[in-house]
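Visitor: no sequence on this one, just coordinates:
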């Protein structure tokens, strides 16, 4: 009996000596809502409904606006490992019934965060994979796949323009962009805290007009050579892509 009691007493003694700080308690988690909002010139995007003025004096109707985000993450304020929300997602506005705001909900650790970041486009390791590697309803599907050489379409902007001022929107604009070289990290340094019952309202805002015109440089939609991009015409694609990647904003309401 003495031989059995000695190890037991030793174990109890060691357990009692452990400080509470030596044991990492699991972080509490809560739901966080993240909105993605599409706009045109600062107003909610009325996809396939509203006619919009363009800086060249023309008007257009936006028919489709979409973009992929990869490695969507929250950035902890203490420099800890980022909190991954999703590996890949597709934000798409393509129907007159679509709200300008799309909502995603994630389960995240409570805590203090320094910001949010994502990759605009399909990250290279996913861009290298074929749609057949995924389920039919996965966001990386055949509809967004150019082919083995050109891979996935990272973003699309499609519209019909009235260039003659006759009320007819008969000039098609179609900008489909994608390649590993275009993949861009978008980061926001805006602090917020996540607590149960006190979660912030986060909104990622993308403005279609600002992807085409930044106030100083306006994309010429009247030029027939600049009315379509489908894998080729990379100079045109890069021109639009750089503005698209640079115009995102994060709104935080704590």
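Guide: Good, I have the coordinates. Bear in mind that the values here come from a model prediction, so they are computed numbers and not experimental data.

Visitor: thought residue 62 was touching residue 209?
Guide: No - proximity of residue 62 to residue 209 does not meet the contact threshold set by Cβ atoms under 8 Å, at 9.3 Å. In this view, the C-beta of every residue, glycine as well, is placed from N, C-alpha and C.

Visitor: what's the overlap in contacts for those two?
Guide: 40, 52 (Cβ atoms under 8 Å, 6 or more residues apart in numbering).

Visitor: can you pull the contacts of residue 42?
Guide: Here residue 42 is in contact with residue 207 (Cβ under 8 Å, 6+ apart).

Visitor: swap that for residue 76, please
Guide: Residue 76 touches 82-83, 111-114, counting by Cβ under 8 Å, 6+ apart.

Visitor: Just the buried residues of the residues you listed.
Guide: 82-83, 111, 113-114 (16 or more other Cβ atoms under 10 Å).

Visitor: Let's have those in a markdown table, adding pLDDT and distance to residue 193.
Guide: Below are these laid out as a markdown table (pLDDT from 0 to 100; distance: Cβ to Cβ, whole Å):
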| residue | pLDDT | distance to residue 193 |
| --- | --- | --- |
| 82 | 98 | 16 |
| 83 | 98 | 13 |
| 111 | 96 | 7 |
| 113 | 98 | 7 |
| 114 | 98 | 11 |
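
Visitor: just so I have it, where are all the helices in the stretch 151-254 of the chain?
Guide: Here the stretch 151-254 of the chain has its helices, by DSSP state H, counting those that start in this stretch, at 208-212, 234-246.
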